[in-house]
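[1] sequence unavailable; structure follows:
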């Protein structure tokens, strides 16, 4: 279904998209980043915080490393994602998380996408078991979905955005600035 090459390409794509998106969002004021723009999580800040938390959770499931701090004991629909991370923390930690995702992707072999992965889902309040390949696709699809929301919010602020098409990804993703 998927391969190490897929994971590696999508890890590069993730880093490429996060680089320009975080730089663009960093050009906004704190108030603009936290403004409710009608997206699922409300604001740019909250959406990127949700994505940061989710990426940390998924990569921990794949690489066995540390996961995110536990969420507060409230219904996920009541959680204020923007309170989980302040902006300077996300700006400093996102490149490290992207490097961790890339490191995991480059360490995979075909067998890493076989078999099942089991975990407890707080969202569904039950144990889950799904094929590993489906879980890896979920990681990358989830990133793309929420970055699309941020892209729309940035555009609504009049921010010049970048390409999001995979064929236009540069051969080498430049370093974060």
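    Yep, it's here. Source: prediction; values computed, not measured.

[2] what's the nearest residue to residue 82 if we skip its chain neighbours?
    Counting by CB to CB, 6 or more residues apart in numbering, residue 46 is the residue found nearest to residue 82 once chain neighbours are left out, at 4.0 Å. To be clear about C-beta, it is placed using only N, CA and C from the backbone, and glycine gets the same treatment.

[3] got the buried residues for the longest helix anywhere in the chain?
    Identified as the longest helix of the chain according to DSSP state H is helix 132-156. Buried residues in helix 132-156, counted by 16 or more other CB atoms under 10 Å: 132-133, 135-137, 139-140, 143, 146-147, 149-151, 153-154.

[4] the residue nearest to residue 82 belongs to a helix?
    Yes - checked against DSSP: H, G, I helix; E, B strand; the rest coil, residue 46 lies within a helix.

[5] show me what contacts it?
    Residues near residue 46 by CB atoms under 8 Å, 6 or more residues apart in numbering: 34, 80-82.

[6] and the residues you listed as TSV, adding pLDDT, secondary structure and distance to residue 53?
    Listed next are the contacts of residue 46 as TSV, based on pLDDT from 0 to 100; DSSP: H, G, I helix; E, B strand; the rest coil; distance: CB to CB, whole Å:
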residue	pLDDT	secondary structure	distance to residue 53
34	97	helix	17
80	89	coil	12
81	90	helix	7
82	90	helix	11
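
[7] can you name the residues that contact residue 109?
    If you count contacts by CB under 8 Å, 6+ apart, then residue 109 has residue 4 around it.

[8] how far away is it from residue 140?
    Residue 109 is 18 Å from residue 140, where distance means CB to CB, to the nearest Å.

[9] next one: residue 47
    Taking CB to CB, one finds residue 47 at 17 Å from residue 140.

[10] how near is residue 49 to residue 17?
    16 Å.

[11] whoops, I mixed them up, residue 113
    22 Å.

[12] can you pick out the residue with more neighbours from those two?
    Using other CB atoms under 10 Å, the more surrounded residue of residue 113 and residue 17 is residue 17, with 23 against 20.
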